[in-house]
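[1] Sequence plus predicted model, see below.
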Amino acid sequence: MEKKKIFVVEDESIVSLEIQSRLKSLGYAISGAAASGDEAIRKVIDLKPDLILMDIRIKGDMDGIETAAEIKKIYDIPIIFLTAYADPVTIQRAKITDPFGYIIKPFEERELHISIEIALYKDHSQKLLREKDKWLSTILRSVGDAVIATDTTGKIKFINNVAERLTGYTKEEATDKELSSVFKIRSEATKEYAKNAVQKVMQTGEVVGLANHSELVSKNGIVYPIADSGSPIKDENGNITGVVVVFQDLSYYKKTEELINIQTTALNSAYSGIVITDFAGEIIYVNDAMYGLTGYTRDELMHKNVSIFKSNLHPDEFFAKMWQTISSGQTWKGEIQNRKKNGDPYYEEMSVTPLKNEHNDIVNFISVKEDISDRKKIEIELRKAKDEAERSDRLKSEFLAQMSHEIRTPISIISNFMQIYEDELREKLSLELKSSISAVKTESLRIISTIDSIVNMAQLKAGTFKLRLQKLNLYEDVLKPTLDQWVLFAKAKKLDLFFSGELENIFIEGDAYSLSQAINHIIDNAIKYTDKGNVQVNCKVETENVIITVSDTGNGITKDYLPYIFDPFTQEHQGYNRKYEGNGLGMALVKQYCILNNASLIIDSEKWVGTTVKVFLPKLKKGTK
């Protein structure tokens with residue numbers, strides 16, 4: 001807590017220092033000191049202390065009393081006189097300045113402390129009272145309601161701005177007039193003028209409503225619908241000293257009421273169910289659609305808690321999250337399972353929106369409800385169908401994996417035995433047998449490759465493909481494993497195979513198997529569909545990507561087929577008489593492998609000219625381990 005600042009006016013320096021020392025020991029702060037009136041006024045203007053201790057007999061042309069009077073003209077600061085003089089003349093002069101205390105020297109420290117605390121408290125209280133009076137006066141002048149105050153005889157003594165506007169009388173015109181001549185009210189239905197309002201309040205001594213469904217007829221003949229009341233003004237002894245009449249123009253509310261009736265009709269005509277509650281969840285409005293939605297009538301729902309719809313099919317956490325959302329001022333939207341009057345559960349799509357007042361406080365919630373039971377039934381059936389399809393996919397994947405094993409094993413044995421025969425009988429085999437063994441080995445590899453492609457595609461479709469993202473050396477981990485195979489394949493077709501660009505020490509993040517398979521399919525296709533010329537593989541490093549480009553001088557792809565190149569089991573040339581072998585899965589797998597590795601690819605091709613495939617691999621960022 002900040003210490004109160006005390007200013008000391010004392011012309012004896014030793015006495016001044018002693019007083020300041022005592023004040024410090026009592027926990028006060030010294031804002032300054034002065035020995036004369038002129039010095040005190042000058043310093044007080046700058047320092048603005050909380051209280052002044054003023055000696056009456058001080059140096060200079062002004063004594064302490066005159067100095068206090070001058071300070072009072074400038075600032076409202078409490079002053080305590082501290083003097084050795086207590087003669088009647090001095091005391092009478094001091095009273096004129098309205099001091100907060102008068103201490104006779106010599107004094108006790110306890111006496112000084114009590115006087116200062118009482119003075120500070122009295123000053124604080126007086127300032128609060130003055131501020132309160134100022135507030136009350138301002139409130140009455142600026143309040144939104146019209147206010148007229150009279151004495152006990154009914155003569156007007158106060159009229160605020162709103163009352164002036166509504167009655168048509170200015171303050172000067174209304175003051176000292178009879179209330180009934182200015183405040184002319186009548187029944188809205190019968191047009192009969194009301195009796196003397198002051199008399200009615202004086203008789204009851206209580207706050208009373210002056211008339212029901214009243215109209216105020218102004219000086220200019222304008223009629224205002226109003227709500228009004230009269231209250232007695234009482235003094236501290238409970239005696240009535242006057243009457244205050246408060247009234248309000250209801251024109252806006254009348255128009256609002258009409259608008260509300262229109263809106264209510266619109267809400268009741270809405271297809272969706274609408275419920276409005278207070279902050280505690282008590283229902284204050286439901287539209288007609290709620291009967292068709294829940295089976296409850298409006299009377300059965302009014303003033304009930306919204307928990308009447310609760311099905312107990314949701315965990316507490318569900319409603320806790322909903323409450324957290326709407327109590328923070330946000331709209332909650334979602335699906336909920338509620339219960340009808342007959343106990344049947346049903347699904348709703350519901351939104352709950354908080355409504356705020358002018359102070360930004362949430363006061364109501366409006367819920368809009370739509371029965372989605374039929375839609376949910378369809379969704380459940382679709383989900384079952386989806387689950388069944390996924391189960392079928394899993395069974396298919398398991399079947400393919402089993403078939404892969406069953407086919408791969410004997411094929412591998414056949415291929416291995418062919419290699420043994422070839423190695424053992426190399427010198428004894430005729431050219432025809434060598435060609436046959438080579439054909440068996442080639443077709444064995446093709447069968448295994450086909451089985452791998454089918455299994456991989458099935459895994460990708462079923463979402464069971466195992467991806468292992470890691471830091472990879474592009475050449476060592478992706479290109480090199482199948483490099484010899486490409487070289488032999490190209491050599492067998494008498495094609496030139498060129499590698500260029502940046503191949504060494506290029507690092508990317510990806511899955512080694514799927515990336516290697518993607519590049520393998522692309523280069524394999526380039527060699528397979530090129531009968532003469534060359535296949536080029538280029539690697540280029542850019543800021544964000546590593547670009548692998550595979551181009552060939554092969555047959556190319558027609559513009560009509562290019563949009564379907566990534567579709568599984570499709571080839572440009574179909575049927576048993578097609579020139580090139582294949583299962584139509586290669587480029588479909590390439591596309592899926594690129595997606596898994598956050599890579600992209602583009603294909604540009606011209607029939608009988610060649611094809612170019614570019615794969616964009618994200619470059620490994622610096623600092624990535």
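    Sure thing, it's come through. Residues are numbered from 1 along each chain as shown.
[2] which intervals of the stretch 401-550 of the chain have sub-threshold pLDDT?
    Along the stretch 401-550 of the chain, segments meeting pLDDT under 70 span 401, 403-405, 408, 421, 438, 441-442, 445-446.
[3] All the helices of it, residue numbers only.
    For the stretch 401-550 of the chain, applying DSSP state H, counting those that start in this stretch gives helices covering 431-462, 483-492, 512-528.
[4] what are the ranges of the helices in the stretch 101-250 of the chain?
    Counting by DSSP H, counting those that start in this stretch, the helices of the stretch 101-250 of the chain are 109-142, 161-167, 171-174, 179-182, 197-204.
[5] Can you say which of these is nearest to residue 539?
    Counting by Cβ to Cβ, residue 539 lies closest to helix 109-142 out of the helices of the stretch 101-250 of the chain; the figure is 80.1 Å. To be clear about C-beta, it is placed using only N, CA and C from the backbone, and glycine gets the same treatment.
[6] Can you give me the distance of the closest residue to residue 231 other than its chain neighbours to residue 465?
    Leaving aside its chain neighbours, residue 231 sits nearest to residue 207 (4.5 Å; criterion: Cβ to Cβ, 6 or more residues apart in numbering). Distance of residue 207 to residue 465, given as Cβ to Cβ, to the nearest Å: 81 Å.
[7] Have a look at the two and say which one is more surrounded.
    Legend: neighbour count by other Cβ atoms under 10 Å for residue 207 and residue 465, higher for residue 465 (19 against 12).
[8] doesn't residue 457 make contact with the more buried one?
    No - Residue 465 lies out of contact with residue 457 (Cβ atoms under 8 Å); the separation is 9.3 Å.
[9] before we move on, back to that, tell me the confidence at the residue nearest to residue 231?
    We have a pLDDT of 79 for residue 207.
[10] same deal with the one 10 residues further on?
    Among the per-residue scores, residue 217 shows a pLDDT of 92.
[11] Then the one 3 residues further on?
    The predicted local confidence for residue 220 comes out at a pLDDT of 92.
[12] That one against residue 166, yeah?
    No - judged on Cβ under 8 Å, residue 220 makes no contact with residue 166 at a distance of 10.5 Å.
[13] Who has more neighbours out of these two?
    Between residue 220 and residue 166, counting by other Cβ under 10 Å, residue 166 is the more crowded of the two (20 against 7).
[14] pull the helix or strand with minimum mean pLDDT from this structure.
    Least confident helix or strand of the chain, by mean pLDDT, DSSP states H and E, is helix 431-462 with a mean of 73.
[15] what separates residue 170 from residue 145, distance-wise?
    Distance from residue 170 to residue 145, by Cβ to Cβ: 19 Å.
[16] In terms of packing, which of the two has more residues around it?
    Neighbour count, other Cβ under 10 Å: between residue 170 and residue 145, residue 145 has more, with 16 against 12.
[17] contacting residues around that one?
    With contacts defined as Cβ atoms under 8 Å, 6 or more residues apart in numbering, the neighbours of residue 145 are 162, 246, 247, 248.
[18] List the residues that contact the second one.
    So the one you mean is residue 246. For residue 246, the contacting residues are 145, 146, 147, 228, 229, 230, 231, by Cβ under 8 Å, 6+ apart.
[19] just the strands in the stretch 201-350 of the chain please.
    Using DSSP state E, counting those that start in this stretch, the strands assigned to the stretch 201-350 of the chain run over residues 208-209, 214-217, 223-234, 240-249, 273-278, 283-286, 332-339, 345-356.
[20] Show me what the shortest one is packed against.
    Judged by 3 or more Cβ pairs under 8 Å, 6 or more residues apart in numbering; DSSP states H and E, strand 208-209 is in contact with strand 223-234.
[21] Equivalent analysis for the second one, please.
    Using 3+ Cβ pairs under 8 Å, 6+ apart as the contact definition, the elements that strand 214-217 packs against are strand 185-187, strand 223-234.
[22] and residue 281, which of the ones you listed is closest to it?
    The minimum distance between residue 281 and those falls on strand 223-234, with 30.4 Å, by Cβ to Cβ.
[23] other SSEs contacting the closest one?
    Packing partners of strand 223-234 (3+ Cβ pairs under 8 Å, 6+ apart): helix 197-204, strand 208-209, strand 214-217, strand 240-249, helix 251-268.
[24] who does that strand pair up with?
    Strand 223-234 has the following strand partners under DSSP bridges: strand 208-209 (antiparallel), strand 214-217 (antiparallel), strand 240-249 (antiparallel).
[25] can you list those strands in JSON lines and add distance to residue 434?
    Formatted as JSON lines, those follow (distance: least, Cβ to Cβ, whole Å):
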{"stretch": "strand 208-209", "distance to residue 434": "119"}
{"stretch": "strand 214-217", "distance to residue 434": "119"}
{"stretch": "strand 240-249", "distance to residue 434": "112"}
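[26] Nearest to residue 191, out of those strands?
    With Cβ to Cβ as the criterion, residue 191 lies closest to strand 214-217 of the strands paired with strand 223-234, at 7.9 Å.
[27] for that closest one, the distance to its chain's centre please.
    48 Å (Cα atoms, centre = their mean, to the nearest Å).
[28] For residue 479, which non-adjacent residue is spatially closest?
    Nearest to residue 479 is residue 519, by Cβ to Cβ, 6+ apart, at 6.5 Å.
[29] burial of that neighbour, as a residue count?
    Residue 519 is flanked by 24 other residues according to other Cβ under 10 Å.
[30] That one reaches residue 539, doesn't it?
    No - Residue 519 sits out of contact with residue 539 when judged by Cβ under 8 Å, with a separation of 10.4 Å.
[31] Relative to residue 49, which of the helices of the stretch 401-550 of the chain is closest?
    Across these, residue 49 has its closest neighbour in helix 512-528 (81.7 Å, Cβ to Cβ).
[32] Now find how far off-centre that closest one is within its chain.
    In terms of Cα atoms, centre = their mean, the centre of helix 512-528 is set 48 Å apart from its chain centre.
[33] which residue sits closest to residue 592, ignoring its sequence neighbours?
    Distance criterion Cβ to Cβ, 6+ apart; nearest residue to residue 592, sequence neighbours excluded, is residue 460 at 4.8 Å.
[34] residues in contact with the one you found?
    589, 592, 596 are the contacts of residue 460 under Cβ under 8 Å, 6+ apart.
[35] Okay then, goodbye and thanks.
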